[in-house]
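K.L.:
have a look at this prediction, sequence included:
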Amino acid sequence: MYIPAIIEVKTHLDELRSQGLVKSWELPYENILTRLSAAIFFLTPEKDAKLDAISNELKRYDNFSYRPNEEKTLSQLEYRITFARPDT
């Protein structure tokens, strides 16, 4: 599906990869997503990249958050990235 907000984040992640901050990233089930807040991205930073630098880049998007990907069910990459509003 063509979701401009998701495409924008994907493009940004590709830029971060070309800058040597992100080693790899994934977006499982991309073809069924209808909004950015439903997307769960995964990424692994480059060996020498600081996660703070990546976080500073991605915090421009509303409701950005990340945490270690402990479950490893949807992806084997190190961090889980979301843009969903926190539960209230």
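P.N.:
Yes, it's here. Residues are numbered from 1 along each chain as shown.
K.L.:
okay, now Asn56: neighbour count?
P.N.:
10 (other CB atoms under 10 Å). (Each C-beta comes from the backbone N, C-alpha and C, glycine too.)
K.L.:
ramachandran coordinates for it?
P.N.:
Main-chain torsions, Asn56, degrees, to the nearest 10: phi -60, psi -30.
K.L.:
got a list of what it touches?
P.N.:
Residues near Asn56 by CB atoms under 8 Å, 6 or more residues apart in numbering: none.
K.L.:
now do the strands in the chain.
P.N.:
In the chain, the strands defined using DSSP state E lie at 22-26, 40-45, 65-68, 79-82.
K.L.:
out of these, which gets nearest to Lys59?
P.N.:
Nearest of these to Lys59, taken as CB to CB: strand 65-68 at 9.2 Å.
K.L.:
so which other helices or strands are in contact with that closest one?
P.N.:
With contacts taken as 3 or more CB pairs under 8 Å, 6 or more residues apart in numbering; DSSP states H and E, strand 65-68 sits against helix 51-58, strand 79-82.
K.L.:
distance to Phe41 and mean pLDDT for the ones you listed - can I get that in JSON lines?
P.N.:
Output for these, formatted as JSON lines (distance: least, CB to CB, whole Å; pLDDT from 0 to 100):
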{"stretch": "helix 51-58", "distance to Phe41": "9", "mean pLDDT": "94"}
{"stretch": "strand 79-82", "distance to Phe41": "4", "mean pLDDT": "97"}
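K.L.:
select, out of the ones you listed, the one closest to Arg35.
P.N.:
Between Arg35 and the helices and strands packed on strand 65-68, the tightest spacing by CB to CB is seen for strand 79-82, at 11.9 Å.
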